[in-house]
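Participant: I would like the atomic coordinates for the input below:
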Amino acid sequence: MHILGIDLGTTGTKVLLYNDEGKIINESYTEYPVSTPKSGWVELDPFFIWDALKENISKAVNHVKEKKFAMSFSVLGDAVIPIGKNQEVLYPAMLSSDIRSDKYVKKIEEYFGSRYIFDYSGRWPHTMCPLTKILWIKDYMPEIYKNTVQFLDVLAWINQKLGFHPIMDYSSASATLYYDINNKRIQDEVLDWAGIDRERLPLVDVSGKYLGTVPQGRLSELGFQTGSTVEVSLGAMDQLCNALGTGTVEGGDASCSTGTVECTTIILPDNITNDELYHHHFIKVPTAVENQFANMTVLWTGGGSMKWFRNTFCQEEIKEAKNKGINVYDLLEEGDRLISDIFFLPHLAGSGTPWWDSLSKGAFIGLSLATTKKQMVDAVMEGVTFSLNISMELLERLGLDKKRFAVIGGGSKSKKWNQLKADILNRTVSGMIYKEGGALGASILAGYGVEIFKSLKVTSKELAKVEKNYLPLESKVNQYHQKYEIFKEIYPALKEINHKISKLDFSY
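Facilitator: Residues are numbered from 1 along each chain as shown. Reported below is the predicted structural model:
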């Protein structure tokens, strides 16, 4: 039997085909666009995901003699897709970085209190949470709301498209604000207040649960050969699959995925209490390993900040890299240079952890006539990493040990950025052989569901391989610490100004 680990991401879908020992046989990837029809709106047509899934599965299994497959998914979190009575998509997926539902965050906090919400969900009310998006649809798109039979996330929708009941896992459900992660049940009081019928919501179960065999009628559409058998197990939210795919399964372990969004998943040890997490505005989420919890630090534009800078300011470098046949990021990062006095606040879509400020804005600080483009490139990478360090520093004060810190995703291909992380975080950073931790984690769930693998933890540690360890350089650690101390003052100093900017409207 071969295993398909599939990563359904915000900007692309990747399919990896493994044998049952975790060796990659084939892989395929397709990008698709995210839509921003208005300021603060971030949407994705779900059929971009479905079409990319079909295309990449077909490429991955093409010319493979094996006809028995296990399959599972790593999925972008917190999206909401309204589905009609004939399973039609009534409106594009509203993504986690969509902030149009901001006023419902305030309503939830005013009625329930943030501590009540945190105690059962492990979350703070935020625009990324699906409950706020459903309430926005209810008030601003009443016809769509009325005709919606189910509000699904991407995982539940994909499972429905494959012919199963729409079902999501515990990690995906935790962000909704209507799910109790401790007792594993819907929080009826919240649904009653919101006026939402629970029949409109997907089922919830443990990651790795065996769902069944894909109906034969779907197989040819997905690109499988006639006579193939495809067994599906329940996947997990992308960051929890990343944790599985990097061996991040013990208390204190961390995995950092730098894609469009940078998210670091830290397995919580028992000595950090809910009171401490709440006080520091941290979230708590179930992992793919049953009865285990993690904290996730989030920056909505981690790798997205680099992509924005590249696309906005580096057209000449893009052309030069194309002519040389190299990656434009390698061109932008090449060469040793001194640490500069330029700062970048990477809040291009709000702040993420630990402030969860949807109205914060990005900023370059310290520019002068002497500032160079490469200094600004460095400042972007530093700003993203300084933001992560704020959360890591707080967790370490609460008792988190400096254990394994794995890096994956597109950003982990940059040796410069990996070393910069080691220097700023002052800890060993492990670059993994398999950069796509989500797909590997999904493959582990697929194999676990069909009982090829007996233990998620054991298999994770066996299959996650380190390519290179980056050790902190003492001279850089000291210099970056000086810069970091200043960086910590930037968000508080700009907060009120950015909130005023967010209220400007020159559209009339």
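Participant: Distance of the residue lying farthest from the centre of the chain relative to residue 394?
Facilitator: Residue farthest from the centre of the chain, counting by CA atoms, centre = their mean, is residue 369 at 37.2 Å. Applying CB to CB, to the nearest Å, the value for residue 369 to residue 394 is 37 Å. The C-beta positions use only the backbone N, C-alpha and C, and glycine is treated the same way.
Participant: swap in residue 234?
Facilitator: 33 Å.
Participant: the more surrounded of these two?
Facilitator: residue 234 (28 against 20; other CB atoms under 10 Å).
Participant: Could you grab the helix/strand/coil label for the residue lying closest to residue 2 once chain neighbours are set aside?
Facilitator: In this structure, residue 2 finds its nearest non-sequential neighbour in residue 66, 4.6 Å apart by CB to CB, 6 or more residues apart in numbering. Following DSSP: H, G, I helix; E, B strand; the rest coil, we place residue 66 in the coil state.
Participant: just residue 37 next, same as before
Facilitator: Residue 37 ends up coil, using three-state DSSP.
Participant: Mind pulling the model confidence for it?
Facilitator: Confidence at residue 37, expressed as pLDDT, is 93.
Participant: Verify the contact between the residue nearest to residue 2 and residue 3 for me.
Facilitator: No: with contact defined as CB atoms under 8 Å, residue 66 does not count as touching residue 3 (10.1 Å).
Participant: residues in contact with the residue nearest to residue 262 when sequence neighbours are not counted?
Facilitator: Distances taken as CB to CB, 6+ apart put residue 302 closest to residue 262, at 2.3 Å, once the chain neighbours are dropped. Taking CB atoms under 8 Å, 6 or more residues apart in numbering, we find residue 302 in contact with 258-263, 346, 384, 411.
Participant: go with 10 Å
Facilitator: Going by CB atoms under 10 Å, 6 or more residues apart in numbering, residue 302 touches 256-264, 346, 348, 352, 380-381, 383-385, 387-388, 409-411.
Participant: Output the longest helix belonging to this protein.
Facilitator: helix 373-397 (DSSP state H).
Participant: Give me the buried positions along it.
Facilitator: Applying a neighbour-count criterion of 16 or more other CB atoms under 10 Å, one finds 374-392, 394-395 buried in helix 373-397.
Participant: Then stretch 58-72?
Facilitator: 58-61, 69-72.
Participant: ditto for stretch 336-343
Facilitator: In stretch 336-343, counting by 16+ other CB under 10 Å, buried: 339-340, 342-343.
Participant: Mind listing what's buried along stretch 158-176?
Facilitator: So for stretch 158-176, counting by 16+ other CB under 10 Å, buried means 158-162, 164, 166-176.
Participant: how about the helices in the stretch 151-300 of the chain?
Facilitator: 154-161, 170-173, 188-194, 216-222, 238-245, 274-279 (DSSP state H, counting those that start in this stretch).
Participant: most tightly surrounded among those?
Facilitator: helix 238-245 (a mean of 33; mean count of other CB atoms under 10 Å).
Participant: which residues in the stretch 301-450 of the chain form helices?
Facilitator: Using DSSP H, counting those that start in this stretch, helices in the stretch 301-450 of the chain cover 303-313, 315-324, 328-333, 373-397, 415-425, 437-449.
Participant: Tell me which of those approaches residue 150 most closely.
Facilitator: helix 437-449 (23.3 Å; CB to CB).
Participant: Report how many residues lie close to residue 347.
Facilitator: By other CB under 10 Å, neighbour count at residue 347 equals 26.
Participant: count of neighbours near the spatially closest residue to it that is not a sequence neighbour?
Facilitator: If the residues on either side of it in the chain are set aside, residue 347 comes closest to residue 360, at 4.2 Å by CB to CB, 6+ apart. For residue 360, the count of nearby residues is 23 (other CB under 10 Å).
Participant: Please apply the same query to residue 113.
Facilitator: Neighbours of residue 113 (other CB under 10 Å): 12.
Participant: what's near enough to touch it?
Facilitator: 119, 125.
Participant: So it versus residue 99, what's the distance?
Facilitator: On the measure of CB to CB, residue 113 and residue 99 end up 22 Å apart.
Participant: quick one: contacts for the residue lying closest to residue 399 once chain neighbours are set aside?
Facilitator: Spatial nearest neighbour of residue 399, chain neighbours left out: residue 271 (4.7 Å); criterion: CB to CB, 6+ apart. Counting by CB under 10 Å, 6+ apart, residue 271 touches 251-252, 398-401.
Participant: Farthest pair within these?
Facilitator: It's 251 and 398 that sit farthest apart of the contacts of residue 271, by CB to CB, at 12.4 Å.
Participant: which neighbours do these two share?
Facilitator: 268-269, 271-272.
Participant: Just flag the most distant two among those.
Facilitator: Greatest spacing in these, by CB to CB: 268 and 271 (9.1 Å).
Participant: got a markdown table for the buried residues of stretch 336-343, with distance to residue 450 and pLDDT too?
Facilitator: Output for the buried residues of stretch 336-343, formatted as a markdown table (distance: CB to CB, whole Å; pLDDT from 0 to 100):
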| residue | distance to residue 450 | pLDDT |
| --- | --- | --- |
| 339 | 50 | 97 |
| 340 | 52 | 97 |
| 342 | 52 | 98 |
| 343 | 50 | 98 |
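Participant: nearest to residue 206, of the residues you listed?
Facilitator: For those, the nearest to residue 206 is residue 343 (43.4 Å; CB to CB).
Participant: Which residues are in contact with that closest one?
Facilitator: 363-367, 379, 382-383, 386, 483, 486-487, 489-490.
Participant: Give me the pLDDT value at the residue farthest from the centre of the chain.
Facilitator: In this model, residue 369 carries a pLDDT of 98.
Participant: related to what we said a few turns ago, out of the helices of the stretch 151-300 of the chain, nearest to residue 204?
Facilitator: helix 170-173 (4.5 Å).
Participant: Packing partners of the closest one?
Facilitator: helix 154-161, strand 179-180, strand 203-205, strand 236-237, helix 238-245, strand 285-286, strand 293-299 (3 or more CB pairs under 10 Å, 6 or more residues apart in numbering; DSSP states H and E).
Participant: at 7 Å what do you get?
Facilitator: strand 236-237, strand 285-286 (3 or more CB pairs under 7 Å, 6 or more residues apart in numbering; DSSP states H and E).
Participant: low-scoring stretches of the stretch 351-500 of the chain, by residue?
Facilitator: By pLDDT under 70, the stretch 351-500 of the chain has no low-scoring segment.
Participant: before we move on, back to that, list just the nearest of the buried residues of stretch 336-343 to residue 82.
Facilitator: Using CB to CB, those come closest to residue 82 at residue 343, 41.1 Å.
Participant: Go ahead and confirm residue 327 touches residue 321.
Facilitator: Yes: in this structure residue 327 lies within contact range of residue 321 using CB atoms under 7 Å: 6.4 Å.
Participant: neighbour count winner among the two?
Facilitator: residue 321 (18 against 12).
Participant: Which residue is the nearest non-sequential neighbour of that one?
Facilitator: Per CB to CB, 6+ apart, closest to residue 321 is residue 328, 3.9 Å.
Participant: now the one you found: how far from residue 364?
Facilitator: 20 Å.
Participant: Also residue 203?
Facilitator: 46 Å.
Participant: pLDDT value on residue 11, please?
Facilitator: pLDDT at residue 11 comes out at 86.
Participant: how close does the residue nearest to residue 262 sit to residue 366?
Facilitator: Counting by CB to CB, the gap from residue 302 to residue 366 is 21 Å.
Participant: And for residue 84?
Facilitator: Taken as CB to CB, the span from residue 84 to residue 366 is 52 Å.
Participant: now residue 378
Facilitator: In terms of CB to CB, residue 378 sits 12 Å off from residue 366.
Participant: what's the overlap in contacts for these two?
Facilitator: Residues touching both residue 378 and residue 366 by CB atoms under 7 Å, 6 or more residues apart in numbering: none at all.
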